[in-house]
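**Student:** Can you look at this prediction? I've put the sequence above it.
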Amino acid sequence: MEINLSQNISHNTTLFAEPVFHYQGFAITNALLVSWLAVLVLMILALVLRFKLREIPNKLQNIFEIIIDGALNLCDQVTNNREISIKIFPIAICVFFFILVNNWLGLLPLGGFGIIEQAEHGLVFIPFLRGGTADINTTIALAIMAVIGANIFGIFSIGIWKTFNKYVNLKVLGQIPAKIWKEPTVVIVAPITFFVGLIEIVGEFAKVASLSFRLFGNVFAGEVLLVSMTALVAYLIPVPFIFLEILVGVIQALIFSILLVVYFTIAASDHEEPEEGHVDKVSKIINNI
Amino acid sequence: MESIIATFHIDWKIIIAQVINFGVVVVVLYFFALKFLIKLLNERAEKISKGINDAKSNAILLQKTKAEYETVLAKARTEANTIFQEGKKEAEHKKALMLEDTKKQVSSMIENGKKTLENEKIKMVAQAKGEIVSVAVKIAEKLLGERVNTPLNEQTIKELNNLL
């Protein structure tokens, strides 16, 4: 299809990632490209770290040691249990780095490189790079993994029966005949508890939605902000906003990771033996962030 | 739901692709870097805690040794003091004995000296007596010579002898 370059080219940031090219019917979007780039960056980083790992650390190793030590301590604050922290930590830190690199790669000023395509309303500019997390598909994938992972972790930690009873509380229904003479209120309480369990199922979907839309919304809003600022006053004015977005990138990665740790911890805890003050502690940490 | 999917272009293929991406990140990052880094950090933490524990036990040991040293030193001081006092006493006792002995020796020496002197004096007096008598006899013999007759002489000698 021929493109008439005399037309106006739209540079609007779209709500979705645009396909840059297709491979056997599979649309490879700019966000997916950035995600691949992020994977490549992390692979190189991991390999460099692996082969430069020394007992007396160099600069890179030092930075990573500080990050990992700090992250593990933060994880400990959420889980309140070193054993659980060590189990959750690898996933949480990988999520953190994956989101962080995706967020930061979206800030690269390479967004000016791209292709011009004929759309329904005229010519549109499609940049080659778009932050991986500025695509809802990426954040949904991460959120689904977090929620499913938390439940699997729960099954391994407290057992399949207890995990199942969190959602379909058959245990509490089974207690009605045994307790009805001692505590007649069980007739009212048990169905309510059972219903609350069912609401937990909805809660799991809400978790996916909240995790994915929070991250996507923040990163996408940042991209829109940068594009708007660049469109208004180019070069100098967007610079502080870029720094702001660098910070937002870290914060969002941190929030997602901490929430993941929280979900894993909740999944690994038995509802029948709640830890006093633990929920308060977790909300305090999130509020501090 | 469909409108959300259409608005955000939610595509399950891309979701799966992102899951695979994340899976690759987890595998590579964990098995190539994090695993070893965490192991290294744990080992270092163990070393540090061991070092701290060693330092603590060494400090306790040092304190114990110091206390032992102080005890031994105090004991040695007491013993040394006792030995010194005993030595002093013994020395004083010996000194007193020696002094007494010396005094005795000196007094006996003085006594002996006195006795010897007395004996010598007696001897000398006796000797002097003898010599004086013989000298007097000789002088008398010379002075009287032939003027005095022999019986008179003999009587005079007898009288002189009696006088002496």
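**Tutor:** Good, I have the coordinates.
**Student:** pLDDT below threshold where in chain B?
**Tutor:** Low-confidence regions of chain B, defined by pLDDT under 70, span residues B:145-150, B:152-153, B:164.
**Student:** Flag every residue of it that's near chain A.
**Tutor:** Chain B comes close to chain A at residues B:7-11, B:13-19, B:21-22, B:24-26, B:28-30, B:32-38, B:40-41, B:44, as judged by Cβ under 8 Å from any Cβ of the partner chain. The C-beta positions use only the backbone N, C-alpha and C, and glycine is treated the same way.
**Student:** Now intersect those residues with the helices, please.
**Tutor:** Cross-referencing the residues of chain B next to chain A against helices under DSSP state H gives B:7-8, B:13-19, B:21-22, B:24-26, B:28, B:35-38, B:40-41, B:44.
**Student:** Give me the buried subset of the residues you listed.
**Tutor:** Listed as buried from those are B:8, B:14-15, B:17-19, B:21-22, B:24-26, B:28, B:37-38, B:40-41; burial here means 16 or more other Cβ atoms under 10 Å in any protein chain shown.
**Student:** Among these, list the two that are farthest apart in space.
**Tutor:** Across those, the two members that end up farthest from each other (Cβ to Cβ) are B:F8 and B:L40, 42.3 Å apart.
**Student:** ok now whichever strand or helix holds B:E120, how far from the chain's centre?
**Tutor:** Assignment of secondary structure by DSSP states H and E places B:E120 within helix B:35-144. With Cα atoms, centre = their mean, to the nearest Å as the basis, helix B:35-144 stands 12 Å off its chain's centre.
**Student:** for that helix, packing partners?
**Tutor:** Identification of packing neighbours for helix B:35-144 by 3 or more Cβ pairs under 8 Å, 6 or more residues apart in numbering or on different chains; DSSP states H and E yields helix A:59-79, helix A:82-105, helix B:150-163.
**Student:** can we see that at 7 Å?
**Tutor:** With contacts defined as 3 or more Cβ pairs under 7 Å, 6 or more residues apart in numbering or on different chains; DSSP states H and E, the secondary structure elements packing on helix B:35-144 are helix A:59-79, helix B:150-163.
**Student:** So the residue located most distally from the centre of chain A, which state does it fall into?
**Tutor:** In chain A, the greatest distance from the average C-alpha position (Cα atoms, centre = their mean) is reached by A:W181, at 48.2 Å. Reducing the assignment at A:W181 to three states with DSSP: H, G, I helix; E, B strand; the rest coil gives coil.
**Student:** how much space between it and chain B?
**Tutor:** Distance, A:W181 to chain B, using Cβ to the nearest Cβ, to the nearest Å: 47 Å.
**Student:** With A:N151 instead?
**Tutor:** In this structure, A:N151 lies at 16 Å from chain B, with Cβ to the nearest Cβ as the measure.
**Student:** Repeat that for A:P19.
**Tutor:** Applying Cβ to the nearest Cβ to A:P19 and chain B gives a distance of 9 Å.
**Student:** Report the contact partners of that residue.
**Tutor:** In this structure, A:P19 makes contact with A:A27, A:I28, A:T29, judged by Cβ atoms under 7 Å, 6 or more residues apart in numbering or on different chains.
**Student:** Quickly list what it is bridged to.
**Tutor:** A:P19 has these beta-bridge partners by DSSP bridges: A:T29.
**Student:** Distance check, it against A:G25.
**Tutor:** A:P19 is 11 Å from A:G25, where distance means Cβ to Cβ, to the nearest Å.
**Student:** tell me the angle of the helix holding B:E120 relative to helix A:82-105?
**Tutor:** Using axes from the mean of the first three to the mean of the last three Cα atoms, to 10 degrees, the direction of helix B:35-144 lies 120 degrees away from that of helix A:82-105.
**Student:** What average pLDDT does stretch A:217-237 get?
**Tutor:** When pLDDT is averaged along stretch A:217-237, the result is 84.
**Student:** quick one: buried residues of that stretch?
**Tutor:** Residues A:N218, A:V219, A:F220, A:G222, A:E223, A:L225, A:L226, A:V227, A:M229, A:T230 are the ones in stretch A:217-237 that count as buried (16+ other Cβ under 10 Å).
**Student:** ok, now stretch B:41-49?
**Tutor:** For stretch B:41-49, a neighbour-count test (16+ other Cβ under 10 Å) marks B:L41 as buried.
**Student:** Show me the contact partners of that stretch.
**Tutor:** Contact partners of stretch B:41-49, identified using Cβ under 7 Å, 6+ apart, comprise A:E65, A:I68, A:D69.
**Student:** With only the CA atoms kept, save that stretch in PDB.
**Tutor:** Only the C-alpha atoms of stretch B:41-49 are listed here, as PDB (Å, rounded to 0.1, in the frame of the first residue of the first chain):
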ATOM      1  CA  LEU B  41      25.800 -13.400  50.600                       C
ATOM      2  CA  ASN B  42      24.800 -16.200  53.000                       C
ATOM      3  CA  GLU B  43      28.300 -17.500  53.100                       C
ATOM      4  CA  ARG B  44      29.600 -14.000  53.800                       C
ATOM      5  CA  ALA B  45      26.900 -13.400  56.500                       C
ATOM      6  CA  GLU B  46      27.900 -16.700  58.100                       C
ATOM      7  CA  LYS B  47      31.600 -15.700  58.000                       C
ATOM      8  CA  ILE B  48      30.800 -12.400  59.500                       C
ATOM      9  CA  SER B  49      28.600 -13.900  62.200                       C
END
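**Student:** quick one on the thing from earlier: adding neighbour count and pLDDT, write the contacts of stretch B:41-49 out as CSV.
**Tutor:** Compiled in CSV, the contacts of stretch B:41-49 are given as follows (neighbours: other Cβ atoms under 10 Å in any protein chain shown; pLDDT from 0 to 100):
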residue, neighbour count, pLDDT
A:E65, 16, 88
A:I68, 18, 89
A:D69, 15, 88
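**Student:** want to try JSON lines for those residues, with distance to chain B as columns?
**Tutor:** Conversion of the contacts of stretch B:41-49 to JSON lines gives the following (distance: Cβ to the nearest Cβ, whole Å):
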{"residue": "A:E65", "distance to chain B": "6"}
{"residue": "A:I68", "distance to chain B": "6"}
{"residue": "A:D69", "distance to chain B": "6"}
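**Student:** Can you say which helix or strand has A:P191 in it?
**Tutor:** Mapping A:P191 onto the secondary structure by DSSP H and E places it in helix A:186-232.
**Student:** Which positions in whichever helix or strand comes after that helix come out as buried?
**Tutor:** Next in sequence after helix A:186-232, counting helices and strands by DSSP H and E, comes helix A:238-268. With burial defined by 16+ other Cβ under 10 Å, the residues of helix A:238-268 counted as buried are A:238, A:241-242, A:245, A:248-249, A:252-265, A:267-268.
**Student:** Report all helices and strands that helix A:238-268 contacts.
**Tutor:** helix A:59-79, helix A:82-105, helix A:136-158, helix A:186-232, helix A:278-288.
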